[in-house]
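> From the sequence below, what's the structure:
(one chain, ligands or ions: 1)
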Amino acid sequence: MKNEKRELIDKDGLRVDGRKKDELRPIKIMVGVLSNADGSAYIEQGKNKIIAAVYGPREVHPRHLALPDRAILRCRYHMAPFSVEERKSPAPSRRELELSKVIREALEPTVFLEQYPRTAIDLFIEVLQADGGTRCAGITIGSLALADAGIPMRDLVVACAAGKVDGQIVLDLNDIEDKEGEADVPVAMMPNLNLITLLQMDGLLTPEEFEEALNLSIEGCRRIYALQKKALKEKYISIREEVET
Ligand code: CDP
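Have a look, this model is predicted:
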């Protein structure tokens, strides 16, 4: 029958990509991937492939945007036209504008902006391939690129979503689950400080389901945080090895 809703969780409790409900997609993170940026990072999270580049602190243009007592953090989230199945128009979309804003707001609380008055820190998030959850993956590598640029921060920021699919709360939704599921709760946090810097919800959840999704997102964030720290250390271990040989 046409338009029949597909089953997103099978009788064995497995999802469309074979994951269990509380399982993250496979994640690969690299730090310092662009030599022309002050800081950079790359993530593969399932089929997502995203790169982040940081430039600054540097002079602000146009100058009137500069603030006398702190730096400004600017963020541009951009999806490549070839990053999704149906070609995305290269023109900036409202969605990209919104995601640029939420990513900036999720990262701002961690940066000691007051240490760099009258400057700008520019973060570019380029989505090369998208498969759901790109704002979260963008935040995860955005904070790594800031750290790689040597910008003083209170903690890394890490993000992950949980949501409701076929009536069940699941971790780290992919594109199909995001589009055909019932709800999505993206969360960003500074895990060491136990502070949430982004909390959104798309869809409908009961208060109990919301709490379950929030707790699962936080659990996902903590697991990705361990991978973030490992990726940062790996870059600096390899630099030390190069210097020593
Ligand atoms: O990526 P994220 O979940 O943070 O944001 P979204 O607006 O909920 O988008 C979910 C997914 O829809 C994206 O990750 C893409 O895979 C897909 N998408 C698309 O296919 N075409 C677009 N023009 C925008 C998004």
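
> And the strands in this structure?
27-31, 39-45, 48-59, 72-79, 119-129, 158-165, 168-171, 183-190, 195-199, 202-203 (DSSP state E).

> relative orientation of the longest one and strand 27-31 in degrees?
Between strand 48-59 and strand 27-31, the angle formed by their directions is 30 degrees, by axes from the mean of the first three to the mean of the last three Cα atoms, to 10 degrees.

> returning to what we had before: in CSV, list the strands of the chain along with distance to S89, mean pLDDT and mean neighbour count.
Where you see a C-beta, it was placed from the backbone N, CA and C, and this is true even at glycine. Shown next, in CSV, are these (distance: least, Cβ to Cβ, whole Å; pLDDT from 0 to 100; neighbours: other Cβ atoms under 10 Å):
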stretch, distance to S89, mean pLDDT, mean neighbour count
strand 27-31, 29, 98, 18
strand 39-45, 24, 98, 24
strand 48-59, 19, 98, 21
strand 72-79, 10, 98, 21
strand 119-129, 14, 98, 20
strand 158-165, 25, 98, 27
strand 168-171, 31, 98, 22
strand 183-190, 24, 98, 24
strand 195-199, 26, 98, 17
strand 202-203, 22, 96, 14
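
> could you redo those as a markdown table and give each row distance to the ligand?
Putting these into a markdown table (distance: least, Cβ to the nearest ligand atom, whole Å) gives the following:
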| stretch | distance to the ligand |
| --- | --- |
| strand 27-31 | 15 |
| strand 39-45 | 10 |
| strand 48-59 | 7 |
| strand 72-79 | 6 |
| strand 119-129 | 8 |
| strand 158-165 | 7 |
| strand 168-171 | 14 |
| strand 183-190 | 6 |
| strand 195-199 | 11 |
| strand 202-203 | 7 |
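
> quick one: which of the ones you listed is nearest R6?
strand 158-165 (11.0 Å; Cβ to Cβ).

> Residues of the protein that sit close to the ligand?
Contact residues, the chain versus the ligand (Cβ under 6 Å from any ligand atom): V84, K88, R95, A130, D131, G132, G133, T134, R135, D175, D178.
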